[in-house]
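In: A structural model of the following input is requested.
(one chain, ligands or ions: 1)
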Amino acid sequence: MIADAIRRIESELPEGVSLCAVSKYHPAEMIMQAYGCGQRIFGESHVQELMKKYEALPKDIKWHFIGHLQTNKVRYIAPFVDLIHSVDSTRLLSEINRQGIKHGRRIPCLLQLHVAREETKFGFTVDELREFMLDGQWRDMSGVDLQGIMCMATNTDDADRILEDFHKANEFYRFCEECAGTHFKIRSWGMSGDYHLAIREGSNLVRIGTMIFGERIY
Ligand SMILES: *Cc1c(COP(=O)(O)O)cnc(C)c1O
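Out: Model (predicted):
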């Protein structure tokens, strides 16, 4: 049951750790079941799908975008998105900034850090992101509010390896926090299979789909 899963996960999360319920590919009725037991943060990874759900569902839902975002689609979600987890290039960030200014808001964003030992995952490397932070051009972006780091661990059963990935992200977060100051506050890591490990390594926002809604049908 969706409500049971949410309650169980919520009861396990330490103080200060928030839950983003990843509802991608799941219908509005299932989101409403989660909404009914108080869940308000939902994560989606496709613009079209997010738009439909945004229009159909209660307006106090906080919609998080967690998938790879194409530059030409930013404008569709810019007016309402609560947090973009997956900023993986400076080009994308510039477009989010442009759209934020256009809509008179600072769009909250996380920088996606690539820590997994897999070629396929999106995101900045530690070196790229260090350069980006030090360069400081992001300070002039009045349409963006950089709030933290997002990452995904290597897809493996090896807990030590997953912990290493999260540890790397956690260490690097501190460096970024020093650069950015008080605005930096979000460490988005941990999914259904690894959120306990993520919390041990400093996560304060877990993104959980399967454990709440069941398997996704693509
Ligand atoms: C789908 C997805 C999740 C949720 O994964 P589950 O294993 O279903 O909990 C979390 N983060 C991102 C970026 C995703 O794309």
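
In: distance of Phe132 from the ligand?
Out: Note on Phe132: its distance to the ligand, by C-beta to the nearest ligand atom, to the nearest Å, is 20 Å. The way it works is simple: take the backbone N, C-alpha and C, and place the C-beta from them, glycine included.

In: for Leu19, that is, sorry about that
Out: On the measure of C-beta to the nearest ligand atom, Leu19 and the ligand end up 11 Å apart.

In: Same check on Thr154?
Out: 14 Å.

In: Now do the SS call for that residue.
Out: Assigned by DSSP: H, G, I helix; E, B strand; the rest coil, the conformation of Thr154 is coil.

In: which residue packs closest to it, ignoring adjacent ones?
Out: Distances taken as C-beta to C-beta, 6 or more residues apart in numbering put Ala116 closest to Thr154, at 4.2 Å, once the chain neighbours are dropped.

In: My read is that that neighbour contacts Asn155, right?
Out: Yes. Using C-beta atoms under 8 Å, Ala116 is in contact with Asn155, at 7.1 Å.

In: ok, those two, which is more surrounded?
Out: Ala116 (19 against 14; other C-beta atoms under 10 Å).

In: pretty sure that one belongs to a helix, no?
Out: No. The assignment for Ala116 by three-state DSSP gives coil, which leaves it out of any helix.

In: got a pLDDT number for it?
Out: pLDDT, the model's per-residue confidence, is 87 for Ala116.

In: What of Arg216?
Out: 87.

In: correct me, but Phe213 touches Ala28?
Out: No. The pair Phe213 and Ala28 does not pass the contact test of C-beta under 8 Å, sitting 12.0 Å apart.

In: Comparing these two, which residue is more hemmed in?
Out: Phe213 (23 against 12).
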